[in-house]
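# Build me a model from this:
(chains A and B)
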Amino acid sequence: MWSYIAKRLLFVIPVLFGMTAIVFLIMAMIPGDPATAILGAYATPENIARINRQLGLNHSLFEQYLIWLGHILQGDLGRSYSLNRPVLDEVLERFSATLTLAGASFLLCSLFGLLAGIVSAARQFSWTDRVITLLVLIGISTPSFWLGLLLILVFAVELQWLPASGMNAIYGGGDIQDLLSHLALPAITLAVIATGVIARLTRGAMLEVLRQDYIRTARAKGLNERRVIYRHAFKAALVAIIPVLGIQAGFVLGGAVYIETVFQWPGIGRMLVQAIATRDILLAQGGVLVVATSYVLFNLAADVAQHRLDPRLTS
Amino acid sequence: MTRSSRPSAWKLLRHNHIAFFGLCLFLLVTVIALVAPILPLSAPNDTAPAERLLRPLSEGRLLGTDHLGRDLLSRLIWGARVSISVGLSATLIASVIGSALGLIAGFAGGRTDNVLMRGVDMLMAFPYILLALAIVAALGPGLSNALYAIALVNIPFFARNIRGVTLSLTRRDFVDAARLSGKGPVRILLTEILPNVAPIIVITMSTTLGWMILETAGLSFLGLGAQPPQADLGAMLGEGRKLLFTAPHVSVIPGLMIFALVMSVNLIGDGVRDVLDPKLKSGSLTRPSAMTEVQSADAKSSPAPDISATQDALAVRNLQTEFLVGTDIYKAVGGVSFELGKGECLGLVGESGSGKSVTAMSLLRLAPTPPGRIVSGQIWRSGEDLLSFPLHRIQALRGGEIAYIFQDPLSSLHPLFSVGAQVAEAIQAHQPYSHREAWRAAVSLLEQVRLPNAASIAHSYPHELSGGMRQRVCIAMALANHPQIIVADEPTTALDVTVQAQVLKLMNQQRKQNEAAALLFITHDFGVVSEICDRVAVMYAGRIVEVGAAGEVLNKPAHPYTRLLINCVPIPGRNQDRLPAIPGSPPAVNNLPAGCAFADRCPFAEGDCRNGDIRLRPLGENRFARCIKPLWKTAP
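The predicted structure is shown next:
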């Protein structure tokens, strides 16, 4: 098992390098001149040249990449000119907010998605199954940014149960209860589509597994249905579901861009939209890189979990 | 692709009401959007400062106006036009490029495949909304750039799906045939492979179209897609968001439109997938329920007087199990009766499809429902009819008094639990053992079935064992609770010949040790019957055609079918150039002929054989045959 994890970790390294190249290339294609963006339209040529030197833009593209990469390897993502602080500090601060949101969402969508899928499959063709199938269809068709607005209208404006935006109350916030109340609406909004996707997949995987011979064996042993469904069938279905959970972790991370905008959540998605708008290339590069790296690690975790679950994969 | 009896794709889609509803909704929106220029609407960008933020249902403004006094209905329709065309274009771009990549990678294989798929993997290593965002950032905000970004991030889905299918097609015979006939690779790709891949492309298109509409709307919502003043659903939502508290309708209405559009597309997508991929059709992918459904009129009737008091371990009367597939009824078991004496071994013999397994499964209601159901009969044990039992009583019998051993031990064992845990679980299902006690008992059971190093083998997983060892585990599991009846469904068929004999010997020994459990042994092999069975019942087309003591039936078959079946057994030592096979094939059990089901293959069939129901006739003591012209008749 450990040798497998080590092998997979080794395999991640080229992927991460490839990612830095892609991120760098995409960001280098961004139109507009950072120096002009910093200094304004009336900057003198000397000042522009000075800024370009500071930003390393006087080198060739490949040299710029190597310099940037060298800095990254030393843990230096550069300095954001629009915020005038190290990119790494800003990115980590924002990313922890996004992780809080995405993590809560991921818990929600895994829990409800799996449960809905299992129940739906176990009671195929029943009314429960039909209602769940309909809800799932509605879930995966709902624009999350729109759902967020609806939830704000209902729960923040009409009912005034929950705050409409932000991560903490401005005055007297900071405790866990305050965080949870701010987290509820965005986390639910973000989880809806992923819940639908997971439920759908779980239903299909469970149906596939429930037809297998070993389920008949479990029944022939005299096990009760709960044990057959939740222990025998679900464990086998999980092997197929886990990679999708990894993909959904990435979906939740990416989808946070919309939700953070709707709920004014101080996360990395909103930071990226702002960084793109202000042409803060280093900030955008750093942000994309950190999110993408975490996504690779989530998929790695999913892969390892899958191998732990299914002994056939490692042997 | 076979186009057998399946109705046309359109017809199937038409009959899928939900998908058809989606199609109608989508067409309705599309048609309205298409004719938008000639509809009596104000232009979508006409501002009217005096009529700002009118509520829906205001006079002349069905859906109200936005912060610039622009007509929301008009903007909605024009916006839908944008969303549909952008979604379709993005899907088209992604599918063409992605499918081309997938086709080339799958067909070329080797290095080309490697390079292309590494690139695709690289793109998929990003959360794709983030990638789209980064691409839009690079290209600059704008509707067409958002379209390219969304198309680009969806290319990997197509490439992966299509590559997989292409790869498997490339190894198929018809492609080899085309190669040998001198077709070039491009022609093979276009004329042989593409038509077969096309359904998968269409499925992927229909399932991703909704996403693409959603994601382009999302980019516009963030201000990175359509730019003002263009009427775009996502952009309308984004602008309306600032007025959420004062005029919610400005953002709620366009969102509703996106939702309706995406939902209709997803409905169509599900329908298309069901039609083009019959395997996924929700109807055919059914899960068997906990026990076979009984729809029997006589199941709950009063006990049959003579049977309930007998000393038999089990007495089956007129058991009928059917499978309902589409509108066809397959009478897999068409009225089977037999007794299984205590400690007796009864062989149930027949070709595949004769209904012997379904008979065995029906005893403890393990035949899958749907599509199966028991429509008639009784199964007597200790004066009670098992078919009248509720689930919990059946579960108490399963693996307890009556245990099963199945054909393929690899597929019958759970791949993710150690074999020790699976045996221990069988014990715990019926006896109040702690985990530790159950494990110890499991290990001693594994020893009992002669597995070497049982203590360490208990920790292995099924895939780590050989076929014979696996079947020993299954036997251990069946013996776990000292059953009085063991039902073995072709337990040696999936094993090597040398292992078969060992397993057979083991089963026979174990059965006799265990207070002489009765054994119902299902097989197609008369050789096996002669080794362990006391009596034998021969099945054909869902019914028993001959019953008798094993030795008698083997030496002196009465039914022509039995004799032909016995002739199929190779005799060791005798040089047989070819084994005789019974000409023809068994009748389909959804369309049984009148009279004897074997008549069409029987060398002795006469006119009377094809008339009326032929009963099982007595031929001697405990000897019956369902034949009006048996090969021999007892002297009266």
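# Pull the number of nearby residues for residue 158.
Using chain A. 9 (other CB atoms under 10 Å in any protein chain shown). All C-beta atoms are positioned from the backbone trio N, CA, C, and that covers glycine.
# let's do chain B instead
With other CB under 10 Å as criterion, residue B:158 counts 26.
# Which residues are in contact with residue B:68?
B:47-49, B:52 (CB atoms under 8 Å, 6 or more residues apart in numbering or on different chains).
# ranking the residues you listed by neighbours, who comes first?
residue B:47 (16 neighbours).
# just checking, that one is part of a strand?
No: looking at residue B:47 with DSSP: H, G, I helix; E, B strand; the rest coil, it is coil, so not inside a strand.
# Excluding covalently adjacent residues, which one is nearest to it?
Nearest non-adjacent residue to residue B:47, counting by CB to CB, 6 or more residues apart in numbering or on different chains: residue B:68, 4.4 Å away.
# same check, this time on residue B:131
residue B:153 (4.9 Å).
# Who are the contact partners of that neighbour?
Applying CB under 8 Å, 6+ apart, the residues near residue B:153 are B:123, B:126, B:128-129, B:131-132, B:135.
# In helices, which of those residues fall?
B:123, B:128-129, B:131-132, B:135 (DSSP state H).
# Spell out the secondary structure type for the spatially most central residue of chain A.
Residue closest to the average C-alpha location in chain A (CA atoms, centre = their mean): residue A:253, at 1.6 Å. Classification of residue A:253 by three-state DSSP places it in helix.
# Just the pLDDT at the residue nearest to residue B:131, thanks.
Listed pLDDT for residue B:153 reads 90.
# any idea how far it lies from residue A:46?
Distance of residue B:153 to residue A:46, computed by CB to CB, to the nearest Å: 41 Å.
# quick one on the thing from earlier: am I right that the residue nearest to residue B:47 is in a strand?
No: secondary structure of residue B:68 (three-state DSSP): coil, not part of a strand.
# neighbours of residue B:44, just the number please.
23.
# check contacts around it.
Contacts of residue B:44 by CB under 8 Å, 6+ apart are B:70-71, B:74-75, B:77-79, B:231.
# Doesn't it belong to a helix?
No: secondary structure of residue B:44 (three-state DSSP): coil, not part of a helix.
# give me phi/psi at it?
Here the main-chain torsion angles of residue B:44 (degrees, to the nearest 10) amount to phi -60, psi -30.
# If we go by neighbour counts, what in the strand or helix carrying residue B:164 is buried?
Secondary structure from DSSP states H and E places residue B:164 in helix B:143-170. For helix B:143-170, a neighbour-count test (16 or more other CB atoms under 10 Å in any protein chain shown) marks B:143, B:145-163, B:165-166, B:169-170 as buried.
# Cross-check the contact I'm expecting between residue B:527 and residue B:569.
Yes: counting by CB atoms under 8 Å, residue B:569 is a contact partner of residue B:527 at 5.2 Å.
# now the residue in the stretch 51-200 of chain A that chain B sits nearest to, what's its secondary structure?
Of all residues in the stretch 51-200 of chain A, residue A:146 sits closest to chain B, at 3.1 Å by CB to the nearest CB. Put simply, residue A:146 is helix when judged by three-state DSSP.
# so what's the closest residue in space to it that isn't next to it in sequence up against?
Of all residues not flanking residue A:146 in the chain, residue B:255 sits nearest, at 3.1 Å (CB to CB, 6+ apart). If you count contacts by CB under 8 Å, 6+ apart, residue B:255 has them with A:143, A:145-147, A:149-150, B:233, B:237.
# How much space separates residue B:211 from chain A?
Residue B:211 is 9 Å from chain A, where distance means CB to the nearest CB, to the nearest Å.
# no, scratch that, I was asking about residue B:37
Distance from residue B:37 to chain A, by CB to the nearest CB: 26 Å.
# Check whether that residue sits in a helix, strand or coil.
helix.
# what's the distance between it and residue B:62?
18 Å.
# again with residue B:219
From residue B:219 to residue B:62 the distance is 28 Å (CB to CB).
# Tell me how many other residues crowd residue 238.
With no chain named, the answer covers chain A. Residue A:238 has 20 nearby residues by other CB under 10 Å.
# ah, no, chain B please
Count around residue B:238 with other CB under 10 Å applied: 26.
# Tell me how many other residues surround the residue lying closest to it once chain neighbours are set aside.
Nearest in space to residue B:238, with sequence neighbours left out and distances taken as CB to CB, 6+ apart, is residue B:221 at 4.3 Å. With neighbours defined by other CB under 10 Å, the count for residue B:221 comes to 33.
# what are the ranges of the strands in the stretch 151-300 of chain B?
B:293-294 (DSSP state E, counting those that start in this stretch).
# For the stretch 51-200 of chain A, which residues are neighbours of chain B?
Within the stretch 51-200 of chain A, the residues that sit near chain B (CB under 8 Å from any CB of the partner chain) are A:121-122, A:124-125, A:137-138, A:140-147, A:149-150, A:152-153, A:157.
# Break down chain A into its strands, ranges please.
In chain A, the segments counted as strands under DSSP state E are A:79-80, A:85-86.
# would you turn these into TSV with mean neighbour count and mean pLDDT?
Putting those into TSV (neighbours: other CB atoms under 10 Å in any protein chain shown; pLDDT from 0 to 100) gives the following:
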stretch	mean neighbour count	mean pLDDT
strand A:79-80	21	84
strand A:85-86	15	90
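# I'd like to know which of the contacts of residue B:255 is nearest to residue B:359.
residue A:147 (54.0 Å; CB to CB).
# Residue B:548 belongs to a strand?
Yes: Residue B:548 forms part of a strand when assessed by three-state DSSP.
# Setting aside sequence neighbours, what's the nearest residue to it?
That would be residue B:623: by CB to CB, 6+ apart, it lies 4.2 Å from residue B:548.
# How many neighbouring residues does the nearest residue in space to residue A:113 that is not next to it in sequence have?
The shortest distance from residue A:113 to any non-neighbouring residue, by CB to CB, 6+ apart, is to residue A:198 (2.8 Å). Applying other CB under 10 Å, we find 27 residues neighbouring residue A:198.
# same question, residue B:39
12.
# what's the spacing between stretch A:285-299 and its chain's center?
With CA atoms, centre = their mean, to the nearest Å as the basis, stretch A:285-299 stands 9 Å off its chain's centre.
# Confirm for me that the residue nearest to the centre of chain A is in contact with residue A:101.
No: using CB under 8 Å, residue A:253 makes no contact with residue A:101, being 9.4 Å away.
# What ranges in chain A fall below the confidence cut-off?
Within chain A, the segments meeting pLDDT under 70 span A:30-34, A:37, A:169-174, A:315.
# What segments of the stretch 451-600 of chain B are strands?
Using DSSP E, counting those that start in this stretch, strands in the stretch 451-600 of chain B cover B:485-489, B:518-523, B:535-540, B:543-549.
# circling back: save the contacts of residue B:68 as CSV, and put in pLDDT and distance to residue A:88 too.
Formatted as CSV, these follow (pLDDT from 0 to 100; distance: CB to CB, whole Å):
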residue, pLDDT, distance to residue A:88
B:47, 76, 46
B:48, 75, 50
B:49, 76, 48
B:52, 74, 46
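# Looking at those, which is nearest residue B:119?
Using CB to CB, the contacts of residue B:68 come closest to residue B:119 at residue B:47, 47.1 Å.
# how near is that closest one to residue B:238?
Taking CB to CB, one finds residue B:47 at 18 Å from residue B:238.
# was I right about residue A:166 contacting residue A:181?
No: here residue A:166 does not reach residue A:181: they are 10.5 Å apart, not a contact under CB under 8 Å.
# now residue B:149: how far from chain A?
10 Å.
# residue contacts, residue B:188?
Residue B:188 neighbours (CB under 8 Å, 6+ apart): B:107, B:175, B:178-179.
# what number of residues lie near the residue of the stretch 51-200 of chain A closest to chain B?
The burial count for residue A:146: 29, using other CB under 10 Å.
# Could you double-check that it lies in contact with residue B:261?
No: checked against CB under 8 Å, the pair residue A:146 and residue B:261 is beyond contact range at 11.9 Å.
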